[in-house]
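**Q** Generate a structure from the sequence data that follows.
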Amino acid sequence: MSSVPVSSSVTTGSRAFDRRVLVGLLLVDALLILIYLITGYMVATGRLASFPDIINIGRDWSIGEILGYAKWLALIAVMLTAHRRSPNLIFLAMAFLFVVVLIDDSMQLHENYNGWTTALGFVDQTQAALREVIFFGALGLIVAGPLLLGWFRAGKPVRRKILPLLILFGAIAACGVGVDFLHTALPDRSISAGLAGAFEDGGEMMFLSAMVGYAVGTFCRSPERAKPESRSS
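**A** Numbers count the residues shown, from 1 in each chain. Below you'll find the model as predicted:
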C-alpha cells in the first residue's frame, strides 16, 4: 500500500547527493590514488622493482577496479529499485547501460575483442587505442536506442533527475577515452605516464563515486525524507 508515496518521491522529489556515501567512497578513492602515486614514483625512480597489480588502479581486478565493479552493481540496483517504485523505461535503460559497462569493464571486452575493427578495415592493427574507441562507439549504438526512447517517454521531473547521472557518466567516458589517448602516447614507466594514469583511472573512480552518491541520495530516500521540488526548479 506504500507504493504510491514512494513512487511520488522517485518521480517528483528533489535531487540530492547522499553525503555519507559520497564522502566515504571519495575518501577510499583518494587513498587508493595516493597509494598508486607513491608506488608509481618508487617504481619510476628505481626504489621499487615492480608495481604490485593489486594496488595498481590501472590494472584489471585490482582493489580499485573491484571497488568500481561494486559501484556499477550498486547503480544497477538503484535503477531497478527506482523502476520498481515508479515504472519508467528510462530507469531500465540506465540499468542496461550500467550492465553493459560492467560487463565490458570486468571482462575487458574493449581490449580483448576489438579485432573485428581491423578485420572490417576500420583501423590498422597497430592502432590499439583507436580500435578501442571504435569498440566503445559500437557499444554506444547498442545502448543509445533504449536510452533515447526512455528519455523522450520520461516526464520532465524524471529527466531532471537522470541528467546529472548522464553528465557524470560523460565525464567518466572523457577520462576513459580522451585521457587514455594521452596516456598511451607517454613513455612507459615514466612519471608523466603515471600522472596521466592517475588522472585517467582516478578520475573514473571519483566520478563513479559521485554517480553512486547522487543515485542513492536521489532515488533511494524514504518517502518521509523526500521533499517536493520547488516551483522555481
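**Q** Pull the number of nearby residues for G217.
**A** G217 has 19 neighbours, counted by other Cβ atoms under 10 Å. The way it works is simple: take the backbone N, C-alpha and C, and place the C-beta from them, glycine included.
**Q** and it, which of the three is it?
**A** Classification of G217 by DSSP: H, G, I helix; E, B strand; the rest coil places it in helix.
**Q** who touches it in this structure?
**A** Applying Cβ atoms under 8 Å, 6 or more residues apart in numbering, we find G217 in contact with R15, A16, F17, D18, R19, V21, L22.
**Q** And it, how far from L31?
**A** Using Cβ to Cβ, to the nearest Å, G217 is found at 22 Å from L31.
**Q** List only buried entries from the contacts of G217.
**A** R15, F17, D18, V21, L22 (16 or more other Cβ atoms under 10 Å).
**Q** now for the residues you listed, which pair is the farthest apart?
**A** R15 and V21 (14.7 Å; Cβ to Cβ).
**Q** min pLDDT across the buried ones among the contacts of G217, which one?
**A** Taking pLDDT as the measure, the buried ones among the contacts of G217 have their low point at R15 (73).
**Q** nearest to R160, of the buried ones among the contacts of G217?
**A** Nearest to R160 among those, counting by Cβ to Cβ, is R15 at 6.7 Å.
**Q** ok now do the most centrally placed residue in the chain, which residues does it touch?
**A** The centre of the chain sits closest to L208, judged by Cα atoms, centre = their mean, with a distance of 4.3 Å. Shown in contact with L208 (Cβ under 8 Å, 6+ apart): G68, K71, W72, L168, I172.
**Q** ok, these vs D201, which is closest?
**A** Of all those, G68 has the smallest distance to D201: 9.1 Å, by Cβ to Cβ.
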